[in-house]
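# when you get a sec, could you give me coordinates for this:
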Amino acid sequence: MELTTSRLALRGLGVGDFSQWSEVRLRCADWLERWEPRRVPGAPDTSRDQVAFVARCRARERERQLGTGFAFGIFLDGAFVGEVNVSNVRRGPFQSGDIGY
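Numbering: from 1, shown residues only. Just a heads-up that it's a prediction; the model follows:
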């Protein structure tokens, strides 16, 4: 799934996005980590480990296929600038989800 305007694109992340995604994550780590759950000791760091990043991308793709979550990389003029996720999608009469940036 991709949403595109003349300057902005929202699309799922893939292996080819690792270098841009990693650079932004590492540059902004002090700010981002305040809002995120702590990484489990011994778990790979997706910001530094491309294999872990690919596994993360596959998990987000699986959520999309199941309709339980939708993750988008935000690209401004082709450069990765952020990420937005719709998670915990609930169907039925409530039709809701949680948005995280």
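# quick one: list the elements packing against the top helix by length along the chain.
Longest among the helix segments of the chain by residue count, using DSSP state H, is helix 50-66. Using 3 or more Cβ pairs under 8 Å, 6 or more residues apart in numbering; DSSP states H and E, the elements in contact with helix 50-66 are helix 18-27, strand 70-76. The way it works is simple: take the backbone N, C-alpha and C, and place the C-beta from them, glycine included.
# just name the most buried of those.
strand 70-76 (a mean of 18; mean count of other Cβ atoms under 10 Å).
# just the CA atoms of that one, as CSV, please.
The C-alpha trace of strand 70-76 is given here as CSV (Å, rounded to 0.1, in the frame of the first residue of the first chain):
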residue,chain,number,x,y,z
PHE,A,70,-0.4,-0.7,8.9
ALA,A,71,3.1,0.7,9.1
PHE,A,72,4.3,3.5,6.8
GLY,A,73,7.6,5.0,6.2
ILE,A,74,7.3,8.7,5.5
PHE,A,75,9.4,10.0,2.6
LEU,A,76,9.7,13.7,1.8
